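**Q** have a look; sequence and predicted model below, questions after that.
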Amino acid sequence: MTKPLLDVLQGKTPEHMPVWLMRQAGRYLPEYRELRAKAKNFLNLCLTPEWATEITLQPIRRFGMDGAILFADILLVPMALGLSLDFREGEGPILECVTDQHSIERLSYNNGLVHPVYETLTRIKPQLPDHTTLIGFCGAPWTVACYMIDGNSKNDFAQAKQWASQQPELLDSVIQKLVDASARYLCKQVEAGAEALQIFDSWAGLITDEAAFRRFVIEPTRTIVSRVKAQHPYVPIIGFPREAWSHYKRYIRETGVDAMSVDHALSLSTDGKQLQAIKPLQGNLSPDLLVQGGEAMKRSLDHIYEQMGLRHIMNLGHGVVPQTPPEHVADLVKHTRGFKA
Ligand code: 1CP
């Protein structure tokens, strides 16, 4: 049996339109909240293979998506580089910051610290339905650097933006560390069973200047993609340069990714079609429409299908939000299953 998600990523027409959702595991699911309460600390969940496997599989059992995304977090890479990481209740992540050249030079990637992630992938793989693709991931260097420089998102990454414009060499050296670590991390994920990879650049939209976008987003992503493909030529890679609208075309052409995930503000009938002529796209449904559900959501799904056809990966423009009713996710998957050859 072929896997619809891999078919689209390989430029083929799938039997049905593949669907999975960013943050498809998480707080909107009661079974997640139950395990989360037991684990106490979010980091424990990510680093305990038995739990991370269970959480990855929860949405697959309920909804039967075509993609199962590894349950982990993009901040595990800076943790493996030596920065302390904490997730406080109701506050989100808090990461130890780099402040100067010395604190950057001290960073050294300890692959052993993320070994549980690889074990999780190995455990998930044999438990997936035949049509479901196992997706590994990492954060893109720019987005992860934002957290390494500012510690959290509370200040809209003012410091990281300041480094990008005033101290670009310092930012280059953080990004260099992340490129090396992320390429190794992704290769290991493929060796442990990941069949496709996604690079999350959630804060790519913060960089508007074209030269800075090339330097801090395109070039580091291109290097990771080429290093992973040097080891694993056939593994497809999805890029997600969130809200980087004016750079989408450059990103999809120049990074070497096999597909690009797009947010809900992109107009499919104009820009979406032009981009899809270059590489397949993923995403575009608004997370708010998934909260709303019903006919409004179905109309939006129909619109995506009408504009993009089957060679598209149904997904949201960003992650599932905690207030999403699980029944709406079931409706989304069921409705998308109607899009077939
Ligand atoms: O239960 C909880 O309280 C923790 C919430 C949570 C979850 C479910 C966090 C903390 N991370 C995750 C899992 C996660 N994070 C996944 C798992 C797979 C899936 O999609 O189901 C993935 C791929 C991520 C990636 C991630 N972490 C991103 C990129 C994608 C995005 O959402 O933009 C980012 C920016 C993070 C950092 C992070 N981790 C957690 C939170 C709440 C955040 C965002 C904090 C902020 O506002 O900056």
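**A** Perfect, thanks for sending it.
**Q** what are the phi and psi values at the closest residue in space to Met17 that isn't next to it in sequence?
**A** Among residues not flanking Met17 along the chain, Phe339 sits closest, at 4.1 Å (C-beta to C-beta, 6 or more residues apart in numbering). Just so you know, the C-beta spots here come from the backbone N, C-alpha and C atoms, and that holds for glycine as well. Reported as degrees, to the nearest 10, the phi and psi values for Phe339 are phi -90, psi 100.
**Q** my guess is Phe339 contacts Leu310. True?
**A** Yes. Assessed by C-beta atoms under 8 Å, Phe339 is found in contact with Leu310 at 6.4 Å.
**Q** give me the common contacts of these two.
**A** Shared contacts of Phe339 and Leu310, defined by C-beta atoms under 8 Å, 6 or more residues apart in numbering, are found at 16-17.
**Q** pLDDT score for the closest residue to the ligand within the stretch 201-341 of the chain?
**A** With C-beta to the nearest ligand atom as the measure, Ser202 is the residue of the stretch 201-341 of the chain nearest to the ligand, at 3.2 Å. At Ser202, the pLDDT value in this model is 98.
**Q** model confidence at the closest residue to Leu268 other than its chain neighbours, what's the number?
**A** The spatially closest residue to Leu268, leaving aside those adjacent along the chain, is Gln307, at 4.0 Å (C-beta to C-beta, 6+ apart). Each residue has a pLDDT score; the one for Gln307 is 98.
**Q** how far away is Gln307 from Asp331?
**A** Between Gln307 and Asp331 the distance, using C-beta to C-beta, to the nearest Å, works out to 20 Å.
**Q** ok now do the residue nearest to Arg222 when sequence neighbours are not counted, which residues does it touch?
**A** Closest residue to Arg222 apart from its sequence neighbours, by C-beta to C-beta, 6+ apart: Thr255 at 4.8 Å. If you count contacts by C-beta under 8 Å, 6+ apart, Thr255 has them with 218, 221-222, 225, 239.
**Q** could you dump these to a markdown table with secondary structure?
**A** Formatted as a markdown table, the entries for the contacts of Thr255 read as follows, by DSSP: H, G, I helix; E, B strand; the rest coil:
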| residue | secondary structure |
| --- | --- |
| Ile218 | helix |
| Thr221 | helix |
| Arg222 | helix |
| Val225 | helix |
| Gly239 | strand |
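**Q** circling back to that earlier point, of Phe339 and Leu310, who's got more company?
**A** Phe339 (21 against 18; other C-beta atoms under 10 Å).
**Q** enumerate the residues of the stretch 1-150 of the chain near the ligand.
**A** With the criterion set to C-beta under 6 Å from any ligand atom, the stretch 1-150 of the chain comes near the ligand through 22-27, 36, 42, 69, 71, 73-75, 87, 92-93, 137, 139.
**Q** make a PyMOL selection of the buried ones in these.
**A** Restricted to buried positions by 16 or more other C-beta atoms under 10 Å, the PyMOL selection for these reads:
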select buried, resi 22+23+24+25+26+36+42+69+71+73+74+75+87+93+137+139
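**Q** what's the closest non-adjacent residue to Gly319?
**A** Once flanking residues are discounted, Gly319 sits nearest to Arg23: 3.1 Å by C-beta to C-beta, 6+ apart.
**Q** all strands of the stretch 101-250 of the chain, in order?
**A** With DSSP state E, counting those that start in this stretch as the definition, the stretch 101-250 of the chain shows strands at residue ranges 133-139, 196-201, 237-241.
**Q** number of residues surrounding whatever residue of the stretch 51-200 of the chain ends up closest to the ligand?
**A** Nearest residue of the stretch 51-200 of the chain to the ligand, counting by C-beta to the nearest ligand atom: Ser153, 3.2 Å away. A count of neighbours around Ser153, defined by other C-beta under 10 Å, yields 13.
**Q** do I have it right that it meets Leu95?
**A** No. Contact criterion C-beta under 8 Å: Ser153 and Leu95 do not qualify, at 10.5 Å.
**Q** any common contacting residues for these two?
**A** Jointly contacting Ser153 and Leu95 under the rule C-beta under 8 Å, 6+ apart are Tyr147.
**Q** Leu285 reaches Lys298, doesn't it?
**A** No. Contact status for Leu285 versus Lys298: not in contact, 10.6 Å apart, counting by C-beta under 8 Å.
**Q** ok, the two, which is more surrounded?
**A** Higher neighbour count among Leu285 and Lys298: Leu285, with 22 against 17, using other C-beta under 10 Å.
**Q** give the bridge partners for that one, please.
**A** According to DSSP bridges, the residues that bridge with Leu285 are Leu316.
**Q** got a list of what it touches?
**A** Under the criterion of C-beta under 8 Å, 6+ apart, the neighbours of Leu285 are 264, 297, 300-301, 304, 314-317, 332.
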